[in-house]
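> have a look at this prediction, sequence included:
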Amino acid sequence: MLPQWQAAAAAGPVGLVAVCVQSAGEELSRERVSIGNGLCADIPLYTSLREKIQYNSLFSRWTCCKRLKAVFIGGGVVIFHVISLSYIYTIFPAIDEGLKQHIKIPYNLEEAKNLGMVLEHYTEQYFLEVFLSVFFIYIFMQTFAIPGSIFLSMLCGYLFNYPLALILVCFCSATGASLCYLLSSVLGRYVAYKILSHRIPEWAIIVKKQEDNLLYYLVFLRVTPFLPNWFINIVAPIINIPLFPFWLGTFIGVAPPSIVALQAGKALYQLSTSTIGWTWTSVFLLSLSAALSLTPVLIKYRLRAKFE
C-alpha cells in the first residue's frame, strides 16, 4: 500500500476521500454521500476502476477497525463490571437474615441510613470487603448512569473518615464517568447524532472556544447544575473532549458538591449513633455542614464569572 493511502486510512474516511481525489485522474462527476459519524463528503466517480476499488477496500478496512474497537471497548467495560461485582459477591461476609432486606442500592435517605447501620457492624472486622463493595458498586452506577449516587455518597460519609470518603467519591465518579465516556465513544455516537444532531455542532463550537481552559470549563460544568452529569458523560467524546482532561475535570469538579453529601452522611451517623438526640457536638457538626454546603455555591459563582 502506498504511504499516502496508509496515512489516509489512519485519518479515517475524510482522509481517504482526500487521497482518492488527488490520485484519481479525470472525474466524470461527484456524488455526496454519508461516511458515518454525522459526516458527509463528495465522493468522485472515477474514470479509473482501480482507484475506486482501492478506495472501497481502504474504507472497508477502516469500518472493520471501528467495529472491532467498539466490540473491544464495550466488551471490556462489561467484563470489568461482571468480574468486579462477582468478586465482591464472593468475598463479602454472610449477612444475617434479618438484615438482608437492607442490603440494596439506596434511593432515599431512610434506605441509606438503614444500609449504613448494617454495614457499620461489618466495617471494623471486614473493612476491605466493605470498602471494595462500595468502590465497585459506585463505579458501576456511574458507568451506566443509574440514579442514587447521591445517597451512595452519603453512605461513604457515614462509613468512612472524611478524607478517605472524599477521595473515594471523587475517584469513583471520575472513573465511572470515564467508562461511560468510552461506551459513548463507540456505541452512543450514532444515537446521539440522530437525537441531538442540531445541538452537537453548537456544543462543539463552545468547547473549541474554551480549548485553552478546557480543564477549568469541565470543572465548571460539574459544579454547576446546567447540564446533568450523565449527559456530559455521553456527549463529551462526541465533541472531541480528550479522555484525561475529562477524567481530571470530573475528579476535581465533583468534589465541591460531594462535600454536602459527605457532611450529611456524617451528620446522619452522629444522629443515628448518639443516645441523646441533640448534643453540642451534633449541633457543631450540623453548623459545619451548613457552612461547607456554601462551598459549591462560591466556587460556582467564581467559575461562572470566569466563563461568561
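Cool, got the structure.
> sec struct for Ile238, please.
Here Ile238 takes the coil state, with states given by DSSP: H, G, I helix; E, B strand; the rest coil.
> count the residues that sit near it.
Applying other C-beta atoms under 10 Å, we find 21 other residues in the vicinity of Ile238. Every residue, glycine included, has its C-beta placed from N, CA and C.
> for it, list the residues it contacts.
184-185, 188-189, 192-193, 200 (C-beta atoms under 8 Å, 6 or more residues apart in numbering).
> do Val118 as well
95, 99, 102-103.
> next: Val186.
Contacts of Val186 (C-beta under 8 Å, 6+ apart): 66, 69-70, 73-74.
> check Leu262 too.
With C-beta under 8 Å, 6+ apart, Leu262 has these contacts: 153-154, 156-157, 162, 165-166, 169.
> run the last query once more with 6 Å
Listed by C-beta atoms under 6 Å, 6 or more residues apart in numbering, the contact partners of Leu262 are 157, 165.
> need the nearest residue in space to Phe160, chain neighbours excluded.
Distances taken as C-beta to C-beta, 6 or more residues apart in numbering put Leu168 closest to Phe160, at 6.7 Å, once the chain neighbours are dropped.
> counting by contacts, list what the host helix or strand of the one you found packs against.
Assignment of secondary structure by DSSP states H and E places Leu168 within helix 162-183. Applying 3 or more C-beta pairs under 6 Å, 6 or more residues apart in numbering; DSSP states H and E, we find helix 162-183 packed against helix 49-91, helix 127-143, helix 149-159, helix 229-235, helix 243-253, helix 255-273.
> give me the buried positions along that helix.
165-166, 168-183 (16 or more other C-beta atoms under 10 Å).
> quick revisit: so which of the contacts of Ile238 sit within helices?
189, 192-193, 200 (DSSP state H).
> what about burial for these, which qualify?
189, 192, 200.
> reformat those as TSV; add distance to Val130 and pLDDT.
Output for these, formatted as TSV (distance: C-beta to C-beta, whole Å; pLDDT from 0 to 100):
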residue	distance to Val130	pLDDT
Arg189	38	73
Ala192	37	74
Ile200	42	78
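> which of the contacts of Val118 sits closest to Leu268?
His102 (14.6 Å; C-beta to C-beta).
> surely the closest one is in contact with Met117?
No: using C-beta atoms under 6 Å, His102 is not in contact with Met117, being 7.7 Å away.
> where does the stretch 1-150 of the chain dip in pLDDT?
Residues of the stretch 1-150 of the chain meeting the criterion pLDDT under 70: 1-63.
> rerun at 90
Along the stretch 1-150 of the chain, segments meeting pLDDT under 90 span 1-74, 92-114, 116-118, 120-125, 145, 147-150.
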